[in-house]
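A.B. asks: Sequence plus the predicted model coming up.
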Amino acid sequence: MEKIAIVGVGQTTYERSKIETFDELVFEAATKALKDAGGEIGDIDNIITVSNDFWDGRTISSMAIQDAAGSWGKDISTVEGDGTFGALYGMMRILSGSFNTTLVVSHMKGSESIMNLITNAMFDPIYQRSLGIDATSSAALQARMYMEMSGAKEEDLALVSVKNHKNAKNNPFAQLPMDITVDDVMKSKRLADPLKVLDCSPISDGAAAVVLANEKGLKRFKKDPVWINGVGHTSDSYTLGYRDLAKPRALKDASQKAFKMAGIKDPLKELDVCELYDAYSYMELMWYEGIGLAKEGKGAELIKSGETGIDGSLPVNPSGGVISAHPVLVAGLARLIEATLQVRGEADKRQIKGAKTALAQGINGPCGQAHCVFVVGT
Amino acid sequence: MADWKESVENIVYSGRIKVPYKWYVGEVGSRFLTGLRDNKEFWGTKCPKCSKVYVPPVKNCGECFALTNEWVKVKDTGTLESFTVVDYSHAMQPVKAPIIYGLVKLDGASGSILHMIGNVKREDLKVGMKVKAVFADKREGTILDIKHFAPA
């Protein structure tokens, strides 16, 4: 297969209640990515935007930000889902043979509507939506199922929050850099038992963009490429109750595909850094197991060992992760950007020394219904 | 924060989207909901390949991609597979917080059904406990014809 590279990355800071409009956020991320690549909009053959109509409060939300994405006179297409799926689609469009370069841009203003009402609307209107379930209450059901399956305690889940909020102190883009303790997490307000405020990611605004290119397209840019060595994407059942919420088989499948493509046999040894979608604390432990960093039910043991800490053998979420900034749709693309910066050696204070191979994960749908996994390297 | 906010008033436009919808429930959904409404019965569909019984019913098995053409009646009792006590209130919730959600594996079904749990103190909730459906007095052919599940 033709090799595809990430040649430019750009992101806004992530904050609650940013006063910039969608357009301004998209323009900021897109121009930063192009500048980072050492190119300009004329070097881009096609554009992928990532947006969601409910969140933007308008139908065909993708069309409203086209001017800011630089798509006049260009081929454009849209993904409604996490930004990693946008990057995957952008990659596929180059592989189709029609284009040599793609700009992928994703935006989110979570603060402009009410998160619980919007995420309630992702559920089936006949059987689940009218019960009032939302992202946090469904995650709470998943958290308990995971705890039952694995024996993990609430204090174990809290370790993710403590680790990642501390890591966020090294990331100028993160929203919630914090020094907190397990006790702080345990004493924070109960939202949906067993999840407490500090187990949950915040409501965030922001945008992110990447420039993708094949070997021919790369010649237009100055920056050295970061290669997409592996990618995998898999979905599971939409309906809560029809899949085993405690065992992320879609992630297992997606990461196996990505590892096979990248020639990785032992991810715990061969990866240098991971950026995972920890929308809620417990998710990071579950995703360890899905990716194969820990055996089923042993995610808590891995975090307790310190291996996934900033000084461990495989740091996970040195950026602070999604729990430290959660612009939905953007957050997975931000993980891919962090992975890219790490293997470039450009992650500044959050740089993992000598990182050569990095993994980024995005999720989509209730409780991680679908997963997209990228393995990148120089 | 953008610098312009220092010199220009930051105007925020507040709006509201209110759009009526109607969703056709379809063949299997209509059979399921009339069963709940008229007879207080739970009916599911069975996959001819993997024998999974889906409640609420599905038209095709997602796992096998096969038409589920056999109807199976399951019990109104089941096992609580997971639960959460939600302590916040929002407009979309049918009752005031605290509100308990549960995933209930009905006896005879393969997966579990999402609903509310009632008539129970939060400290008495336990994964694995037996629960039974409590039906609403006035039933209109919606999922809320089940009032909640309560300890059996």
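C.D. replies: That came in fine, so what should we check first? Everything numeric in this text was worked out from a predicted model, so none of it was measured.
A.B. asks: what's the burial count for residue 56?
C.D. replies: In the absence of a named chain, chain A is used. By other C-beta atoms under 10 Å in any protein chain shown, 20 other residues sit near A:Asp56. For the C-beta atoms, the positions are set from N, CA and C on the backbone; glycine is no exception.
A.B. asks: wrong chain, I was asking about chain B
C.D. replies: Residue neighbour count, defined by other C-beta under 10 Å, stands at 26 for B:Pro56.
A.B. asks: Spatially nearest residue to the residue minimising distance to the centre of chain A (excluding sequence neighbours)?
C.D. replies: Geometric centre of chain A, nearest residue: A:Gly332, 1.7 Å, by C-alpha atoms, centre = their mean. Spatially, and ignoring its direct neighbours in sequence, A:Gly332 is nearest to A:Gly362 (2.4 Å; C-beta to C-beta, 6 or more residues apart in numbering or on different chains).
A.B. asks: hey, C-alpha coordinates of the helix or strand that contains the one you found in CSV?
C.D. replies: Per DSSP states H and E: A:Gly362 is located in strand A:357-364. These are the backbone C-alpha positions of strand A:357-364, laid out as CSV (Å, rounded to 0.1, in the frame of the first residue of the first chain):
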residue,chain,number,x,y,z
THR,A,357,6.5,5.0,17.7
ALA,A,358,3.2,6.3,19.1
LEU,A,359,-0.4,5.2,19.2
ALA,A,360,-3.5,7.4,19.0
GLN,A,361,-7.1,6.3,19.6
GLY,A,362,-10.4,7.8,18.9
ILE,A,363,-13.9,6.6,19.8
ASN,A,364,-17.4,7.2,18.4
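A.B. asks: Tell me the helices and strands packed up against that strand.
C.D. replies: helix A:83-95, helix A:249-262, strand A:273-275, helix A:281-291, helix A:331-344, strand A:370-377 (3 or more C-beta pairs under 8 Å, 6 or more residues apart in numbering or on different chains; DSSP states H and E).
A.B. asks: What angle do helix A:331-344 and it make with each other?
C.D. replies: 180 degrees (axes from the mean of the first three to the mean of the last three C-alpha atoms, to 10 degrees).
A.B. asks: Check the average confidence over strand A:357-364, would you?
C.D. replies: When pLDDT is averaged over strand A:357-364, the result is 98.
A.B. asks: next one: stretch A:60-68
C.D. replies: For stretch A:60-68, mean pLDDT is 92.
A.B. asks: try stretch A:136-153
C.D. replies: Taken as a whole, stretch A:136-153 has an average pLDDT of 98.
A.B. asks: Distance from the chain centre to that stretch, please.
C.D. replies: 21 Å (C-alpha atoms, centre = their mean, to the nearest Å).
A.B. asks: any chance of the helices and strands packed on strand A:357-364 in a markdown table, plus distance to B:Glu70?
C.D. replies: Listed next are these as a markdown table, based on distance: least, C-beta to C-beta, whole Å:
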| stretch | distance to B:Glu70 |
| --- | --- |
| helix A:83-95 | 36 |
| helix A:249-262 | 26 |
| strand A:273-275 | 45 |
| helix A:281-291 | 33 |
| helix A:331-344 | 40 |
| strand A:370-377 | 29 |
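A.B. asks: The stretch 151-300 of chain A against chain B: which residues are in contact?
C.D. replies: Taking C-beta under 8 Å from any C-beta of the partner chain as the contact definition, the stretch 151-300 of chain A meets chain B at A:189-195, A:237-243, A:245.
A.B. asks: Recalculate using a threshold of 10 Å.
C.D. replies: Listed as neighbours of chain B in the stretch 151-300 of chain A under the rule C-beta under 10 Å from any C-beta of the partner chain: A:189-196, A:235-246.
A.B. asks: Buried members of these into ChimeraX, please.
C.D. replies: In ChimeraX syntax, the buried subset of these is picked out as below (16 or more other C-beta atoms under 10 Å in any protein chain shown):
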select /A:190,191,192,193,194,195,196,236,237,238,239,240,241,242,243,245,246
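A.B. asks: per-residue confidence at A:Met283?
C.D. replies: A:Met283 carries a pLDDT value of 98.
A.B. asks: Next up, the contacts around it.
C.D. replies: Applying C-beta atoms under 10 Å, 6 or more residues apart in numbering or on different chains to A:Met283 gives the contacts A:139, A:142-143, A:146, A:157, A:160, A:199, A:201, A:248, A:276-277, A:290, A:299, A:321-323, A:361, A:363, A:367-368.
A.B. asks: B:Ser82 against A:Ala192, yeah?
C.D. replies: No. The criterion here is C-beta atoms under 10 Å, and B:Ser82 misses it with A:Ala192 at 11.5 Å.
A.B. asks: so what sits against both of these two?
C.D. replies: In the contact map built from C-beta under 10 Å, 6+ apart, the residues linked to both B:Ser82 and A:Ala192 are A:140-141, A:143-144, B:101.
A.B. asks: which pair in the residues you listed spans the largest distance?
C.D. replies: Comparing every pair within the shared contacts of B:Ser82 and A:Ala192 by C-beta to C-beta identifies A:Ala143 and B:Tyr101 as the most remote, at 12.3 Å.
A.B. asks: ok, the two, which is more surrounded?
C.D. replies: Neighbour count, other C-beta under 10 Å: between A:Ala143 and B:Tyr101, A:Ala143 has more, with 29 against 25.
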